[in-house]
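Colleague: sequence unknown, structure follows:
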């Protein structure tokens with residue numbers, strides 16, 4: 001079972017993560033939505049497509065663009081559609 005933890009809270013937990021390029025992608029149903037805020041930030045990956053981001057807010061502390069996902073991934077990344085990965089101080093263990 002993998003967990004994503006920030007500021008003392010478990011923000012995601014699942015035994016159905018997918019590992020890609022050293023990142024654990026959590027299925028959408030595995031996140032605690034109360035901690036996620038949509039961000040306007042986007043980036044592009046040549047093989048996965050356009051990524052969208054979330055800010056994470058726990059106890060009035062905000063970790064900007066700390067999670068990302070692919071709402072419309074390219075064909076080779078279709079299996080991670082809407083799955084969420086973390087960085088920027090989020091501990092995944």
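Modeller: Structure's in. What do you need? Everything numeric in this text was worked out from a predicted model, so none of it was measured. Numbering: from 1, shown residues only.

Colleague: give me the number of residues near residue 55?
Modeller: The burial count assigned to residue 55 is 18, neighbours taken as other CB atoms under 10 Å. C-beta coordinates here come from the backbone N, C-alpha and C atoms, glycine included.

Colleague: next one: residue 51
Modeller: Residue 51 is surrounded by 17 other residues when neighbours are defined as other CB under 10 Å.

Colleague: mind listing what it touches?
Modeller: Residue 51 makes contact with 42, 43, 44, 45, 68, 69, 70, according to CB atoms under 8 Å, 6 or more residues apart in numbering.

Colleague: can you tell me which of those has the most neighbours?
Modeller: Comparing the contacts of residue 51 on neighbour count, residue 68 comes out first with 23 neighbours (neighbours: other CB under 10 Å).

Colleague: element containing the residue nearest to that residue when sequence neighbours are not counted?
Modeller: Leaving aside its chain neighbours, residue 68 sits nearest to residue 51 (4.6 Å; criterion: CB to CB, 6 or more residues apart in numbering). Per DSSP states H and E, residue 51 falls inside strand 49-58.
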